[in-house]
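Novice: Next one to model:
(one chain, ligands or ions: 1)
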Amino acid sequence: MAAAALCFRGFALSVSCFLLAVPLLMAQDPSNLSLEHYAKTCPNVEHVVRTEMECAGCDGSVLLDDTATLIGEKQAEQNVNSLKGFELVDKIKEKLEAECPGTVSCADLLAIAARDATVLVGGPYWDVPVGRLDSKEASLDLANKDIPTPQQGLITLISKFWEKGLDATDMVALVGSHTIGFARCANFRERIYGDFEMTSKSNPASATYLSKLKEICPLDGGDDNISAMDSYTSSTFDNAYFETLIKGEGL
Ligand code: HEM
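Specialist: Take a look at the predicted model:
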């Protein structure tokens, strides 16, 4: 399980491509997806992805590097220094190209790999309908505009998800993916020296948690110091993230 957790750690933010690639994903009709899409053209696709996952935006636009004619999304403010796991995605794509050249989209690869990563860290299995088309374009502006930032409040976050066809319940469920992974001090400093200070005063557990966060994240410096978003079980897919939030110990 430790190896699986490490694997997932490297892959962690590619999972959030679900969110990052939402702007372009919405252009595709989900009813075109099916469980049989690669049944004849690449029957081993799931096996190839899973094998790579074990060892080591849904149109995949987030994967595109900058070129002379295209500015990718990797440098979007919410992605830079945060998104990782691209090497693993490249490796899986290489294996798929060897097995079935020009057949499996990167967007499907990400969707399958996200499911496999979830299973590897103790989460549930679900069937992944496939047949997504890859984007040949990316939009730095849209990525900067649409991806939620850690400073945004509840109403803004609910509206951003709403604009993508997702309601508040969908949003809460999706954010549950913070059961895995870490946040950088630069992203939570404002909160721990801001409203968290006020709300933690009436809750001793919360106050203790806050002082730990402040040790990791001083007022000045340490921007890249990290803290788990699920402070109880940061490499297991479970409900602890939500439980810690309710207790006032959530990041
Ligand atoms: C309300 C919307 C969301 C906000 C404001 C948000 C914010 C953040 C922030 C600030 C971080 C820390 C990044 C860093 O410091 O490098 C983070 C990490 C992460 N987010 Fe979100 N997020 C949201 C929704 C989602 C969704 C929908 C997913 C996936 C379905 C997701 C998956 C992740 C993962 C896996 C990490 C861990 C990354 C790592 O360990 O390197 N997030 N998120």
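
Novice: what about residue 227, how many residues close to it?
Specialist: Residue neighbour count, defined by other C-beta atoms under 10 Å, stands at 20 for residue 227. All C-beta spots, glycine's among them, are computed from the backbone N, C-alpha and C.

Novice: tell me which element it is part of?
Specialist: For residue 227, the enclosing helix or strand under DSSP states H and E is strand 226-228.

Novice: Look up the pLDDT of residue 90 for me, please.
Specialist: Looking at residue 90, its pLDDT is 88.

Novice: Check the gap between it and the ligand for me.
Specialist: Residue 90 sits 18 Å away from the ligand when distances are taken as C-beta to the nearest ligand atom, to the nearest Å.

Novice: Over to residue 209?
Specialist: From residue 209 to the ligand the distance is 17 Å (C-beta to the nearest ligand atom).

Novice: before we move on, what about residue 124?
Specialist: 14 Å.

Novice: go on, residue 188?
Specialist: Distance from residue 188 to the ligand, by C-beta to the nearest ligand atom: 7 Å.

Novice: From residue 102, how far off is that residue?
Specialist: 43 Å (C-beta to C-beta, to the nearest Å).

Novice: With residue 189 instead?
Specialist: 46 Å.

Novice: Same check on residue 204?
Specialist: 59 Å.

Novice: Of the two, give the one with the bigger neighbour count.
Specialist: residue 204 (10 against 7).

Novice: What score does the more buried one have for pLDDT?
Specialist: Residue 204 is given a pLDDT of 90.

Novice: what do you get for residue 74?
Specialist: Looking at residue 74, its pLDDT stands at 54.

Novice: what's the burial count for the residue in the chain positioned nearest to the ligand?
Specialist: Using C-beta to the nearest ligand atom, the closest approach of the chain to the ligand is made by residue 181 at 2.4 Å. Residues within reach of residue 181, counting by other C-beta under 10 Å, total 21.

Novice: State the distance from it to residue 250.
Specialist: Distance from residue 181 to residue 250, by C-beta to C-beta: 13 Å.

Novice: hey, what's in contact with both of those two?
Specialist: residue 229 (C-beta atoms under 8 Å, 6 or more residues apart in numbering).

Novice: Spell out which residues make up each domain of this protein.
Specialist: Following automatic domain parsing, the chain resolves into domains at 2-147, 168-247.

Novice: if you compare these, which one is most tucked away?
Specialist: Greatest average neighbour count among the domains of the chain goes to domain 2-147 (a mean of 18), per mean count of other C-beta atoms under 10 Å.

Novice: What's the local residue count around residue 164?
Specialist: 14.

Novice: Need the per-residue pLDDT for it.
Specialist: Looking at residue 164, its pLDDT stands at 91.

Novice: which residues touch the strand holding residue 227?
Specialist: Applying C-beta under 8 Å, 6+ apart, the set of residues contacting strand 226-228 is 181, 182, 183, 184, 185, 188, 212, 213, 216, 217, 234, 251.

Novice: No further questions, thank you.
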